[in-house]
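Visitor: Sequence plus the predicted model coming up.
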Amino acid sequence: MNSLTPERITEELQSFQSRLARGVQALTEVGEIETGVSSRDPVYQEDKLVLYRYRPRVAEPHPVPLLIVYALVNRPYMMDLQEDRSMIRGLLDAGLDVYLIDWGYPDAADRRLTLVDYLQRYIGHCVDYLRERQRLEAINVLGVCQGGALSLCFAALQPEKIRNLVTMVTPVDFHTPDNLLTHLIRHVDVDLLVDTFGNPPGQLLNFAFLSLSPFRLAGQKYVEVMDILDDAPALKNFLRMEKWIFDSPDQAGEAFRQFAKDFFQHNKLVKGEVVIGDRRVDLHNVVMPVLNVYADQDHLVPPAASRALAECCGSRDYSELSFRGGHIGIYVSSRAQREIPPAIADWLLAR
């Protein structure tokens, strides 16, 4: 066994200082952290929303467009983080015509926006734009995380406009025993939060997400980064992920109030009790083909929370795809790039 001598301690400290100095130099040279690497064009705008079309990467993309509805609480460039970690690029390479809703950054002018605005106006207008643009009765939709829950609501209210629905890491039953986020939100006075802030700050929500896995997300990774400080490409990859994690928009107050109370606190989606405007969301009306993709090590959306969809949707063509990984890994891991976009594309193209 090696003894911990003063000489050994001095050697380790000198090595650490040398690596730290190289890391500081690398940080000064890393340059701008680019995200969202695939070429795209804005095709529709409304308030702060921008609908983008990604430029096809095949000569003749499939004529039925795929609309990606991302969560409100994070920025959608996680789907297109870098060249070798891009879910969107994989879908484009598979021949799909891909569109994405960018919700932008809500401000004080948006605090009165409700789920009616997000579902019937924003998502509804984007769906109708694509239907008219392509001269189709229905389009394909990929709903991601919270965006998947919103997509399910839209599909239940207007099923005739959705040809196929893909949900990815989407919570349906918000009260599964292993749902840590629900356990946290259950104890929040949502009305007081919204009445105080107007728009709940993104930084506050981000702190809540990080607190669900504090050792890994707020400590361990910063220790491990010491091992890559002198590796410029690896360091840039790390900083891209950090940029996304802390790029959390504020939330439109009234929409947040309803989502937090109805979905997280009262679990109304799986019960069929969510009301949008004057209409009740009944998941039995989700009758189009459904592919439900979940991550089996997801700490934010446990598998059981997603798989509950099988028991409450009305589709006769329901499939599940389990990914061996976590909530973030399903977007950016190398295995996810090999497995998820081709599986989604094959499923859609077969229908």
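Guide: Nice, thanks for sending it over.

Visitor: got any ranges where this structure has weak pLDDT?
Guide: Low-confidence segments of the chain, defined by pLDDT under 70: 1-3, 13, 15-33, 209-232.

Visitor: list the buried ones in stretch 145-163?
Guide: 145-159, 161-163 (16 or more other C-beta atoms under 10 Å). Backbone N, C-alpha and C define where each C-beta goes, glycine included.

Visitor: One more: stretch 308-326?
Guide: So for stretch 308-326, counting by 16+ other C-beta under 10 Å, buried means 308-309, 312-313, 315, 318, 323, 325-326.

Visitor: and if you look at stretch 321-341?
Guide: 323, 325-333, 336-337, 339-341.

Visitor: And for stretch 134-142?
Guide: In stretch 134-142, counting by 16+ other C-beta under 10 Å, buried: 138-142.

Visitor: Relative to V281, which of those is nearest.
Guide: V141 (15.4 Å; C-beta to C-beta).

Visitor: Wait, a strand at the closest one?
Guide: Yes. Counting by DSSP: H, G, I helix; E, B strand; the rest coil, V141 is located in a strand.

Visitor: ok so, going back, make TSV from the buried residues of stretch 134-142 and add distance to W244 to it.
Guide: Formatted as TSV, the buried residues of stretch 134-142 follow (distance: C-beta to C-beta, whole Å):
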residue	distance to W244
A138	32
I139	27
N140	25
V141	23
L142	19
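
Visitor: Just give me the closest of these to Y54.
Guide: Distances from Y54 to the buried residues of stretch 134-142, taken by C-beta to C-beta, are shortest for L142, at 12.5 Å.

Visitor: beta partners of the closest one?
Guide: Beta-bridge pairing for L142 (DSSP bridges): I68, V166.

Visitor: Figure out how far stretch 125-139 is from the centre of its chain.
Guide: Here the centre of stretch 125-139 is set off from its chain's centre by 23 Å, with C-alpha atoms, centre = their mean, to the nearest Å.

Visitor: and if you look at stretch 92-105?
Guide: That offset, for stretch 92-105, works out to 13 Å (C-alpha atoms, centre = their mean).

Visitor: List the buried residues in it.
Guide: Quick answer for stretch 92-105 (16+ other C-beta under 10 Å): 92, 94-103.

Visitor: Let me see the contact set for P159.
Guide: The neighbourhood of P159, defined by C-beta atoms under 8 Å, 6 or more residues apart in numbering, consists of 285-288.

Visitor: For those, could you give me TSV that also reports distance to I68, neighbour count and secondary structure?
Guide: As requested, the contacts of P159 are exported to TSV (distance: C-beta to C-beta, whole Å; neighbours: other C-beta atoms under 10 Å; DSSP: H, G, I helix; E, B strand; the rest coil):
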residue	distance to I68	neighbour count	secondary structure
N285	22	18	helix
V286	18	26	coil
V287	22	17	coil
M288	17	22	coil
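
Visitor: from those residues, which is closest to T167?
Guide: Nearest to T167 among the contacts of P159, with distances taken as C-beta to C-beta, is V286, at 9.7 Å.

Visitor: That closest one and R316 touch, don't they?
Guide: No. Between V286 and R316 there is no contact under C-beta atoms under 8 Å: 11.0 Å.

Visitor: Backbone torsions only: list them for L51.
Guide: The phi/psi pair for L51 (degrees, to the nearest 10) reads phi -100, psi 120.

Visitor: which stretches of the stretch 251-351 of the chain form helices?
Guide: 253-258, 268-271, 303-307, 309-312, 329-332, 334-349 (DSSP state H, counting those that start in this stretch).

Visitor: So for L4, which of those helices sits nearest?
Guide: helix 329-332 (37.1 Å).

Visitor: who are the neighbours of that closest one, in terms of helices and strands?
Guide: If you count contacts as 3 or more C-beta pairs under 8 Å, 6 or more residues apart in numbering; DSSP states H and E, helix 329-332 packs onto strand 290-295, helix 334-349.
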